[in-house]
Each structure stands twice: as C-alpha cells, then as structure tokens.
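Asker: fold the following, please.
(one chain, ligands or ions: 1)
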Amino acid sequence: MSLKKLDAALRRDLDALAAEGRAKAPERVLDGYQPAVGGRGPRWRVRGREGHFLRMNSNSYLSLGHHPRVLEKADAASAKFGAGPGAVRFIDGTFSDHVALEDRIARFVDKPAAKIFNSAYTSNLGLALAIQNESTYWIGDQFNHNCIIRAMRIANVPRGQKAIYRHNDLDELKQCLDAVPAAMKRVIVITDGIFSIRGDNAPLAEIHALIEPYRDRFEEGLVTVVDDSHGVGAYGETGRGTEEYCGTKADIVVGTFGKAFGVNGGFVAASEAVVETIRQKADTYIFTNSLSSADCAAACAAVDVADSEEGRERLRHLKERIAQFREGIGALGLESIEGPHPVVPVLVRDTTRCRAIVEGLFEDGILVTGLTVPVVPVGEETLRFQLNAAHTEADVEEACRALGRRMG
Ligand SMILES: Cc1ncc(COP(=O)(O)O)c(C=O)c1O
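Answerer: Predicted coordinates:
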C-alpha cells in the first residue's frame, strides 16, 4: 500500500504526542437529544453509554439550535434552493439567503457591512489575507485564539511585523505601539473579545483610550479588530457582545453564528471598503463553497430571535443561571476567574486531578471540558463550564452538587 511509509512515520508522531500527554482523547459521539421536560433542560445521549447527559460544554449560549423558527427557516431554504450552493460565491453561488444574512448581521452589530464565511476561523484567515500588505504591523494579545495566530501565518506577516502583549496588559500594548517601526503605514491591534478559555473580556474601552493618540501616526491607519466569537449574541445588555459590554465600538468585528446563535458560519463586519476588499482578496472567501442557504436562513432566524424580546428574555435567564452557578462554586470554595460571561472556569491547577474530575462528572451524567497543557499554561489546568439559556435552576443545582462531590 502506498501509504505504508507515511503511515508509519505518522504513527511515530502520534505515539510521541501521546507519550508527551498531548494527544486528544477519542471523541465522544452524541447520538440522541431529549428536549427539556418539567424542570429539567435538554439532555443528550452518548453512544455506548447508558443514560442522558447534561451538556455544560456547548457554545450554544442562547440555545437556539433547536428553536422552531430556526429549524423552520432552514427547512424552507433547503426546500427552495437545495442542500448546497453548488458553487463558490463569485460563480453564481450567491443566493438571497447569503445576502440577507450579511445585511442582518451587519445591522445586529451596527456596522455598515458584513461578509460571511464558513466559520469564524476562516473569517480571521480571510480578513488577514485581505488587509495585510508589506507595510502592515499586527499587535495581538498573547491569548488570542489559534485562528488569529494562523491568520498571521497564512497572510505571510513577516516576523518583524508583529508583536504580542501579555494578556490584557495595557502597558505592554503601549510598548508595542511605541516600538512599531517607522516604515509601517498600517497597524492592526487584534484581540479576542471574550477569551474562550477564561471567559474574561478584552478591556476595549481602555484599549481604545490608549490607542487614540496613536491613530494619526500611521499613514494607512491604526485600527482595532475584535474577534468576538464568544461575545456576540451572549454578552452585554442586549447581546451585542464585548463592544456593548465595554461601551465602545471596534473598527472591525469578527464573529461566528456557531456559538450564541447555535447554527454555523462566521462573519467579518466593518466598513464597505473592508468588506469589498475581502470579496476581492480573501482566499478563504473566494475559493471555497459558502454556507448552504439553510445555514444562512437558520442563522438569520437565530439573529432575529436574539434581537427580539424573546432573545433578551433568554439572555436574562442565562445571566441568572450564570449567577446561580457562580454562587454555587463560591459556596464550595472553588477558584474561578470572575466575570459575567457564560464561560465559567473552575481552576484545578493539576492535570491528573482535572482529568479525574472531568471523568467523574461524566459518570454523574455531566459533560464538561477539562483544559490542560498545552491549551493552558502549566498550573492553570481548568474545568470549563459553559452555561446556556436552556439550563434550568435544577440543572445548575445538579451540576453544583456533582462538582461538590467530585472536588471534595
Ligand atoms: C475567539 C475565537 N475565534 C474563532 C473561533 C472559531 O469559531 P468557528 O467555530 O466559527 O470557526 C473560536 C472558537 O473556538 C474562538 O474562541
């Protein structure tokens, strides 16, 4: 077989990963869903296991993935246009649902225009490909998501044209700004809005106050890019995300339909010029099929729900559950990183213990994520709980009880 030698080499790499404790566990397969009944929220079935599981590791913060309007719109779009687009956007693969979603998300985040992608991951890659030139300098937070790091690489940003500041450290951000070489004409400060591992947010108001005096220094501008994949829909008074929470607008927002909105796909929202540049230059937009019409119609419906009284009620309920869970872990004396986001980390600070607790909670019927090295630094091993709007008071009580037993 022609793969024999390659397979052998790859096996050696995989064995080394496992020996270093860096290999990912086999993936569990969810193969059933039970809607909420009585005081209990939805439960999931896991292939090969008895019982039903409470899912506390989903990004679907508003729990809209099963919303009747979202499903109905997806079905109607499939029936009308078929299951897939049949071509990339610029070769007659643009359907009315794509354009409608772009308009809808631009309005939701209050930007002049938006472009949609298959995911937030490819949105960041596409944005970097579109706006990078030979005199662009990038400055980013050390904990930015992997797709931002990859974006720098795919856009061939030279080593000397990027800098990293310590997480949310404004003094270091200032040092980075002061150190931008004189030849640079365009500076991009790029940060996650919500940091998915910690649930904390970038201090956008302070970042903007800091960079304001530098804005005139660069011929092609100094702009902020906020990847608010975990924030848009889930954070701030009406779910507008980190911008709303911090009371300030980023120049460019990247986001996803795959988290709070419970569907799939990503977007970049910005000025008309940025969006048209993406359409012309972003390979991850140009050379790949877009989302299906069903994805777009579902995402549009999810944004509509989020932007309604029902959506705001879901947000209020979610906030109550977050507060309840935080109170519960506080009463257990557990360590966390403070904040009102549905990502609630519980610091364990030990890999073996972290894994054992995740396994124990699984035995108790609770799905939760353990974050260990290399995802987090040594000593910051964490259980990441994610609350969502379908969780009930009883669900959160159940989770706290189980956590108390397992951490005790
Ligand atoms: C900051 C950030 N950006 C992008 C992504 C990826 O989102 P998507 O699944 O839409 O590609 C994530 C999620 O894991 C994220 O936390």
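
Asker: give me the contact list for stretch 302-314.
Answerer: 62-64, 67, 69-70, 101, 104-105, 108, 233, 238-239, 257, 260-263, 389 (Cβ atoms under 8 Å, 6 or more residues apart in numbering). Yep, even glycine has a C-beta here, placed from its N, CA and C like the rest.

Asker: now which of those would you call buried?
Answerer: Listed as buried from the contacts of stretch 302-314 are 62-64, 67, 70, 101, 104-105, 108, 233, 239, 257, 260-263, 389; burial here means 16 or more other Cβ atoms under 10 Å.

Asker: ok so, going back, what about the contacts of stretch 302-314, which are in strands?
Answerer: Nothing among the contacts of stretch 302-314 maps onto strands, per DSSP state E.

Asker: give me phi/psi at Arg316?
Answerer: Dihedral angles phi and psi of Arg316 (degrees, to the nearest 10) take the values phi -60, psi -40.

Asker: surely Gly370 is in a strand?
Answerer: Yes - under DSSP: H, G, I helix; E, B strand; the rest coil, Gly370 falls within a strand.

Asker: what's the burial count for it?
Answerer: The criterion is other Cβ atoms under 10 Å. On that basis, Gly370 has 22 neighbouring residues.

Asker: try Gly48
Answerer: Gly48: 8 neighbours (other Cβ under 10 Å).

Asker: from Asp364, how far off is it?
Answerer: 17 Å (Cβ to Cβ, to the nearest Å).

Asker: mind checking the SS state of the residue nearest to the spatial centre of the chain?
Answerer: Relative to the mean C-alpha position of the chain, the nearest C-alpha, by Cα atoms, centre = their mean, is the one of Ser229, at 3.5 Å. Taking three-state DSSP as the rule, one finds Ser229 in the coil state.

Asker: from Tyr235, how far off is it?
Answerer: Ser229 is 11 Å from Tyr235, by Cβ to Cβ.

Asker: and if you look at Lys111?
Answerer: 17 Å.

Asker: which of these two has more residues huddled nearby?
Answerer: A count of neighbours by other Cβ under 10 Å puts Tyr235 above the other of Lys111 and Tyr235, at 28 against 23.

Asker: the more buried one contacts Asp192, correct?
Answerer: No - checked against Cβ atoms under 8 Å, the pair Tyr235 and Asp192 is beyond contact range at 11.9 Å.

Asker: Leu17 sits in which helix or strand?
Answerer: helix 4-19 (DSSP states H and E).

Asker: what is the neighbour count of Leu387?
Answerer: Around Leu387 there are 28 residues (other Cβ under 10 Å).

Asker: next, the residue nearest to it when sequence neighbours are not counted: phi, psi?
Answerer: Closest residue to Leu387 apart from its sequence neighbours, by Cβ to Cβ, 6 or more residues apart in numbering: Pro342 at 4.3 Å. When read as degrees, to the nearest 10, the backbone of Pro342 gives phi -60, psi -20.

Asker: hmm, Glu320 and Pro342 touching each other?
Answerer: No - Pro342 lies out of contact with Glu320 (Cβ under 8 Å); the separation is 11.5 Å.
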